[in-house]
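S.K.: With the input below, show me the fold.
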Amino acid sequence: MGLEHEFYLTSKTIDIKNFWMYIESSNNVIDCVVIHDDLIQYIMDSLEWIPSKNPALRGIPSGKGINYYGVTLFEKDASKTLISIFSSWKSLFKNAPKKFELTGAFIDGENGNQEGNYERLVFSRDEVITQFEKIISMSETLAAGEFYLYHCGI
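M.R.: Down below sits the predicted model:
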């Protein structure tokens, strides 16, 4: 299955510090979407523009982007940027063929020499668009102000 990032739309009644530990038994999850790590890495630069908070740290400090290895909390103020970024990527990927390739990380050749190559990442256009539409929809709900979008990293 590989590494994945999970996004959960929740009510504001959750325990934001410990939500990730009780996701499976939580009645507060309204909607969710899972996005493969390869795709998140591909769009990562643009995700760094989204206002966010880190519920795992004392005082739940504000920041930007996702906590790649941990949890991230998005509130109402992030909704406009989330919608804009994922709508833009969705529009771009609509032009892709049904199965498309993206360039991934550089893979060293044998014995660490520089004769390696770039990883080829293969995606289904329709799956990617569906995932991005789900994030957009959850972000539109987030804009109402009574919800959180909770990200669980790899």
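S.K.: Tell me the bridge partners for V122.
M.R.: Counting by DSSP bridges, V122 forms beta bridges with E101.
S.K.: beta partners of S62?
M.R.: K53.
S.K.: Helix, strand, or coil at the residue lying closest to I85 once chain neighbours are set aside?
M.R.: Leaving aside its sequence neighbours, I85 sits nearest to S46 (C-beta to C-beta, 6 or more residues apart in numbering; 5.1 Å). Bear in mind the C-beta positions are built from the backbone N, C-alpha and C, glycine included. Three-state call for S46 (DSSP: H, G, I helix; E, B strand; the rest coil): helix.
S.K.: And the strands in the chain?
M.R.: Ranges of strands within the chain are 4-11, 29-36, 51-53, 62-64, 71-74, 99-107, 117-124, 147-152, based on DSSP state E.
S.K.: in the longest one, what counts as buried?
M.R.: Within strand 99-107, the residues that qualify as buried by neighbour count (16 or more other C-beta atoms under 10 Å) are L102.
S.K.: Quick check: mean pLDDT of it?
M.R.: For strand 99-107, mean pLDDT rounds to 93.
S.K.: same for that strand, what does it pack against?
M.R.: In this structure, strand 99-107 packs against helix 37-47, strand 117-124, with contacts taken as 3 or more C-beta pairs under 8 Å, 6 or more residues apart in numbering; DSSP states H and E.
S.K.: weakest of those by average pLDDT?
M.R.: Taking the mean pLDDT of those, strand 117-124 comes last: a mean of 94.
S.K.: Can you spell out which helices and strands pack onto that strand?
M.R.: Against strand 117-124 (3+ C-beta pairs under 8 Å, 6+ apart) you get helix 37-47, strand 99-107.
S.K.: what does the shortest one contact?
M.R.: If I follow you right, that is strand 99-107. 38-39, 41-42, 93, 116-125 (C-beta atoms under 8 Å, 6 or more residues apart in numbering).
S.K.: With only the CA atoms kept, save that strand in PDB.
M.R.: C-alpha atoms of strand 99-107 as PDB (Å, rounded to 0.1, in the frame of the first residue of the first chain):
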ATOM      1  CA  LYS A  99      -2.700   6.900 -16.300                       C
ATOM      2  CA  PHE A 100       0.000   9.500 -16.000                       C
ATOM      3  CA  GLU A 101       3.600   9.600 -14.700                       C
ATOM      4  CA  LEU A 102       5.300  12.200 -12.600                       C
ATOM      5  CA  THR A 103       9.000  12.500 -11.800                       C
ATOM      6  CA  GLY A 104       9.900  11.400  -8.300                       C
ATOM      7  CA  ALA A 105      13.100  11.400  -6.200                       C
ATOM      8  CA  PHE A 106      16.500  10.700  -7.600                       C
ATOM      9  CA  ILE A 107      17.600   7.100  -7.000                       C
END
